[in-house]
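>>> Quick one, fold the following:
(2 chains)
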Amino acid sequence: MEVLVFLIPASIFLGLLGLAGFFWMLRNKQFDDPDGDAHRILSSDYDDKPKE
Amino acid sequence: MAAPIAPRVAVCPTSIVPLPEQNIAATKPSLKADSVLLSLPTIHCAGCISTVERGLAAIPGVRAARVNLSLKRVSVDAKPSITAAQLVETLAALGYEAHELDPSLLSTAKDDLIGRNLLMRLAVAAFAMMNVLLLSIAVWAGADGVTRDFMHWISALIALPAIAFSAQPFFRNGWQALRKRHLNMDVPISLALILAAGMSLFETMNSGENAYFDAALSLTFFLLAGRYLDHRTRASARSAAQELAALEVPRALLQTSDGEKNVPIQELRIGDTIIIKPGARIPVDAEIITGETEIDRAFLTGESLPVYAGPTTSLHAGEINLTGPITLRVTAIARHSTLQKITDLVALAETSRDKYTSLADRAAAIYAPGVHLLALAAFIGWFTLSGDLRLSLNIAIAVLIITCPCALGLAVPAVNTAASGRLFRKGVLLKSGTALERLAEIDTVVFDKTGTLTLGIPTLIAPQNYPPDALKIAAALAKGSAHPLAQSILRAAKSADIEPSVELIDLKETPGFGVEATLDGTHVRLGRAAWVGANEAETTASFLKIGDQPAVKFTFIDELRPGVADLIKSLKALGIEVHMLTGDSPRAAADVAARLGITNIAASQTPQNKADLLRALGEAGKKVLMLGDGLNDTGALASAHVSIAPACAIDAARVASDIVILKQDFGAVSDCLKTARSSRARIKENFAMAAAYNAVAVPIALLGFATPLIAALAMSASSITVTINAWRVR
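Predicted coordinates:
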């Protein structure tokens, strides 16, 4: 049972990592245009950075 | 005239020299200020996105263009010298319909913020719930002693901060309700969450057996999910409606000492001189200084034919200038214009409708006190029987958790999300959250005539019956006029493949009478009966006179909107009473009514009459659905139990109605009715299901057999069944 001392923090840490990832995505407006993003992969324009 | 312009330099970029490049760089953080928002109702694919973005980026001066496909919008970041009109033109050339949006009317930024905030809390609740449930499995599986306490302590460590953060919307709403001394659904929710967390912490500290951290977290999660769905449905309905309201960007051509200038109508002052081109809408109440024209008042009065207007005629905001350019003197500022006054009236009528209590609120009104009483009864009962304070409190809290309206919180939003999504795909926008519920209750339908039952566009009857020569000459003459009858002749000629290719000399329009010209030395005229020297006709007609030949009579009919005949048939089949209400003449009304088989007609109604009639029907206990499009209908639309407007309706009418139909075909109305009834049935089923779960779980809790496992099972199972049931909406 002692292994729990490592496993539980490890699982919580991984969960927190996912949560932080979600926050990052939310703050970067990745959920603002789901339809558009789904279609954009079909276009041949590279738009991985904002046009200046 | 020039004086008020100087201080506005910053807002009116066209009047100044374009800023030097480094200045633009300096103002970069406030990019929003000079970005233009355009609505693109027709974009739908990856090809559209790149065509639009590339096309716009190719315009010199445009820095960036970004399409949002979900909202069907493009935001363009451009130099101040670029106007929206230029961009719209470019897009039109690419084959996309575009409308400028007024960013001040769009509150999407705020909606986004609230939505993102809810999503963040939802994510935290989900993370905490999954971890705590994972730990709880060990406890359910039979861990005891130190291991159980250890698991409980870790759960507490995760759950307490998570609840404190995620459940804030409930705490806030519940507290607000309590301060106003009434109960809403958030009060029992908050109470259950706080008590569950507090009791579980106490049990953990005392090495107790049952901790309800997992139940408290799943409660938070499911309820937040309901809240988020609700918010999204509302926000998308609101933004769609605002997009429509913003479609006609209110700008006017102001005549100043140094030329003409395009300004927003809010900046017009009394006494300003404005120029209205043919085909444009009058932006504010004004009086004609020079020019003669014909005015389309259909939106204001329901009259299907235009009227003559000349110098000193007073015009009202919302009327359309048809034939000639006119110069106007502004007599009322935008805020005091007729249009705005009617909008204010509507706002008044709407406050009375806001008193409608939705099914969810009615359920909450019964449920919230019931839950509290039950928990209290459990506590008193157990305390008198056993005398054990801790046990009695535990049981009372278990009752509170198990009865907590988890499924109830999802029952309505899940159905509404499914229903509004379905209707959106059919071109129906729901503007009000309770629109579907109210629509499901109706037993009477009242239609406006011009623009609603009919398209409000005259159509030439049987174009093939006219001599082709006559049609050709008429069409050539008609090219010189924006009058609806002339436009209709032109359309008829085009669809009959007749090119209006005759050589006309001295083409001249006399507003209010007709068009005349010379053809091979012969005088030709197209217009009113008296003007061309023919006998007055009974029906809507226009006359063509070629030299001395007898006049040719073109007769028109106001064509029915597609889908209305079937709609009225299906309404009658459902046993719904159908009325027609119009500002037009009794003869025109009777004609349309006969074509559709409507027997209850009221013609020559003023806007006030219309609103009164709707109110009278309402007071007689009828639940009325009103369909209308004009300014004269807005009062009636707002007074009805529920109202629908077509997308081509005037702004004020769309604002006053609960549902907007984007397609020309009115077949969608019966879809709306079907979906409304189906979603009401689903909501009621969901309530019944939530009640059934409680009927099983409450006795268990009352008897003291409830464990965290049972609470978790009951809660998840009921929430999931309720959500699945919502998908059955048709």
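
>>> Distance of the closest residue to residue B:602 other than its chain neighbours relative to chain A?
Excluding its sequence neighbours, the residue lying closest to residue B:602 (CB to CB, 6 or more residues apart in numbering or on different chains) is residue B:581, at 5.2 Å. Placement of C-beta: from N, CA and C, glycine included. Residue B:581 sits 40 Å away from chain A, going by CB to the nearest CB, to the nearest Å.

>>> Near the residue of the stretch 1-150 of chain B found nearest chain A, how many other residues are there?
For the stretch 1-150 of chain B, the residue closest to chain A is residue B:69, as judged by CB to the nearest CB, at 3.4 Å. A count of nearby residues for residue B:69, using other CB atoms under 10 Å in any protein chain shown, gives 22.

>>> Poorly predicted segments of the chain, please.
Unless you meant another one, I'm taking chain A. A:1, A:45-52 (pLDDT under 70).

>>> Let me rephrase: I mean chain B.
Checking chain B against pLDDT under 70 turns up B:1-34, B:102-111, B:236-250, B:298-304, B:335-357, B:405-406, B:537-538, B:650-652, B:730.

>>> Could you list the domains of it?
According to automatic domain parsing, chain B comprises the domains B:1-101, B:250-336, B:457-558.

>>> Next, format those domains as JSON lines and append distance to residue B:370.
Listed next are the domains of chain B as JSON lines, based on distance: least, CB to CB, whole Å:
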{"stretch": "domain B:1-101", "distance to residue B:370": "41"}
{"stretch": "domain B:250-336", "distance to residue B:370": "48"}
{"stretch": "domain B:457-558", "distance to residue B:370": "56"}
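
>>> Tell me which of those domains sits nearest to residue B:716.
In terms of CB to CB, the element of the domains of chain B nearest to residue B:716 is domain B:1-101, at 30.3 Å.

>>> what's around the residue in the stretch 151-300 of chain B that chain A sits nearest to, how many residues?
Nearest residue of the stretch 151-300 of chain B to chain A: residue B:154, at 6.1 Å (CB to the nearest CB). The number of residues packed near residue B:154 is 18, by other CB under 10 Å.

>>> check contacts around it.
A:8, A:12, B:135 (CB atoms under 8 Å, 6 or more residues apart in numbering or on different chains).

>>> Closest to residue B:490 out of those residues?
Each of these was scored against residue B:490 by CB to CB, and residue A:12 proved nearest at 73.4 Å.

>>> any idea which helix is longest in chain A?
helix A:4-27 (DSSP state H).

>>> Is chain B within reach of that one?
Yes - judged by CB under 8 Å from any CB of the partner chain, helix A:4-27 and chain B are in contact via A:4, A:8, A:11, A:12, A:15, A:16, A:18, A:19, A:22, A:23, A:26.

>>> tally of neighbours for the closest residue to the fourth one other than its chain neighbours?
In this case it means residue A:12. In space, and not counting its chain neighbours, residue A:12 is closest to residue B:131: 5.9 Å by CB to CB, 6+ apart. Neighbour count of residue B:131, defined by other CB under 10 Å: 23.

>>> Residue B:185 too?
Residue B:185, neighbours per other CB under 10 Å, totals 25.

>>> out of the contacts of residue B:154, which is most surrounded?
residue B:135 (25 neighbours).

>>> Now do the SS call for the residue of chain A found nearest chain B.
Across chain A, no residue is closer to chain B than residue A:36, which sits at 3.4 Å (CB to the nearest CB). The three-state label given to residue A:36 by DSSP: H, G, I helix; E, B strand; the rest coil is helix.

>>> Count the neighbours of it for me.
19.

>>> if I pick the closest residue to it other than its chain neighbours, what's in contact with it?
Excluding its sequence neighbours, the residue lying closest to residue A:36 (CB to CB, 6+ apart) is residue B:69, at 3.4 Å. Going by CB under 8 Å, 6+ apart, residue B:69 touches A:33, A:35, A:36, A:39, B:43, B:44, B:48, B:49.

>>> same thing but at 10 Å, please
Residues in contact with residue B:69 (CB atoms under 10 Å, 6 or more residues apart in numbering or on different chains) are A:33-40, B:40, B:43-46, B:48-49.

>>> got it, and residue B:725?
B:407, B:411, B:414, B:415, B:418, B:682, B:683, B:685, B:686, B:688, B:689.

>>> can you map out the strands along the stretch 501-650 of chain B?
Counting by DSSP state E, counting those that start in this stretch, the stretch 501-650 of chain B has these strands, from start to end: B:505-510, B:514-519, B:522-527, B:541-546, B:552-560, B:577-581, B:600-602, B:624-627, B:642-646.

>>> export those to a markdown table and tack on mean neighbour count and distance to residue B:706?
Listed next are those as a markdown table, based on neighbours: other CB atoms under 10 Å in any protein chain shown; distance: least, CB to CB, whole Å:
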| stretch | mean neighbour count | distance to residue B:706 |
| --- | --- | --- |
| strand B:505-510 | 14 | 84 |
| strand B:514-519 | 21 | 85 |
| strand B:522-527 | 21 | 85 |
| strand B:541-546 | 23 | 81 |
| strand B:552-560 | 19 | 63 |
| strand B:577-581 | 21 | 52 |
| strand B:600-602 | 14 | 59 |
| strand B:624-627 | 28 | 47 |
| strand B:642-646 | 29 | 43 |
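
>>> Make TSV out of the ones you listed and add distance to residue B:189.
Below are the strands of the stretch 501-650 of chain B laid out as TSV (distance: least, CB to CB, whole Å):
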stretch	distance to residue B:189
strand B:505-510	68
strand B:514-519	70
strand B:522-527	70
strand B:541-546	67
strand B:552-560	51
strand B:577-581	42
strand B:600-602	48
strand B:624-627	35
strand B:642-646	30
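
>>> what about the ones you listed, which gets the closest to residue B:658?
Of all these, strand B:642-646 comes closest under CB to CB, at 5.3 Å.

>>> could you say what helices and strands that closest one packs with?
helix B:435-439, strand B:444-448, strand B:624-627, helix B:634-639, helix B:651-656, strand B:659-661, helix B:667-702 (3 or more CB pairs under 10 Å, 6 or more residues apart in numbering or on different chains; DSSP states H and E).

>>> List the contacts of stretch B:381-389.
B:379, B:391, B:392, B:393, B:394, B:395, B:396, B:399, B:702, B:703, B:704.
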